[in-house]
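1. The following comprises the amino acid sequence and a computationally predicted model.
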Amino acid sequence: MHAVRIGQGWDRHRLVPGRKLVLGGVEIPFEKGLDGHSDADVLTHAIIDAILGAIGSGDIGSHFPDKDPAWKGASSLDLLQRVWDEARSAGYSLVNLDSTIVAEAPRIEPYRDAMRAALARVLGVEAARISIKAKTAEGCGPEGRGEAVAAEVVLLLAAHSGSG
């Protein structure tokens, strides 16, 4: 049996002074960073939720609760690796991943290839399977006012014989 599973993920975190800005596993020089219990990498968090949704295994909060001190300051790439190991153990492989980051600043384009490479390493695929787009919010909402960054992800997993 061969089946496919679609996963969708979304995340938003506030931008605050005194934090590093990490997106797609890449630290981006910026005067603010994302507020959260882990490194608050919204792109990687949205990917985690998309994978968990595709395999029917809850969400990021059920796997890595923000009340648990074990995840304080955790690298979101490490969290992604744990979730991806679960998905692979269940017989899934990544067909492709499409994402959009919504932020007024900083510009994402100079970091896009590094983000794709970092995510591809964890997911064990070539970077060509990972799309990262960037949009501004044209001054609308918290992203448009420069108060937050959001990310949306959709991905396709293939389930191989015995899974899915």
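-> Yep, that arrived.
2. which residues does D68 contact?
-> D68 makes contact with no residue under the criterion C-beta atoms under 8 Å, 6 or more residues apart in numbering. The C-beta positions use only the backbone N, C-alpha and C, and glycine is treated the same way.
3. Next up, phi/psi of it, please.
-> Dihedral pair for D68: phi -90, psi 120, per degrees, to the nearest 10.
4. what's the distance between it and V153?
-> D68 sits 24 Å away from V153, going by C-beta to C-beta, to the nearest Å.
5. what's the answer for P106, then?
-> Between P106 and V153 the distance is 20 Å, computed by C-beta to C-beta.
6. Of these two, give the one with the bigger neighbour count.
-> Ranked by neighbour count (other C-beta atoms under 10 Å), P106 and V153 place V153 first, with 28 against 17.
7. Direction included, what does whichever strand or helix holds the more buried one pair against?
-> According to DSSP states H and E, V153 maps onto strand 148-159. Neighbouring strands of strand 148-159 in its sheet, by DSSP bridges, are strand 3-16 (antiparallel), strand 92-102 (antiparallel).
8. Using CSV, write down the CA coordinates of the shortest one.
-> Once non-C-alpha atoms are left out, strand 92-102 reads as follows in CSV (Å, rounded to 0.1, in the frame of the first residue of the first chain):
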residue,chain,number,x,y,z
TYR,A,92,6.7,8.2,6.2
SER,A,93,9.0,10.2,3.9
LEU,A,94,8.8,13.8,2.8
VAL,A,95,7.6,14.4,-0.8
ASN,A,96,7.8,18.2,-0.5
LEU,A,97,7.3,21.1,1.9
ASP,A,98,6.0,24.6,1.0
SER,A,99,6.2,27.5,3.5
THR,A,100,5.6,31.2,3.8
ILE,A,101,7.1,33.5,6.4
VAL,A,102,5.2,36.7,7.1
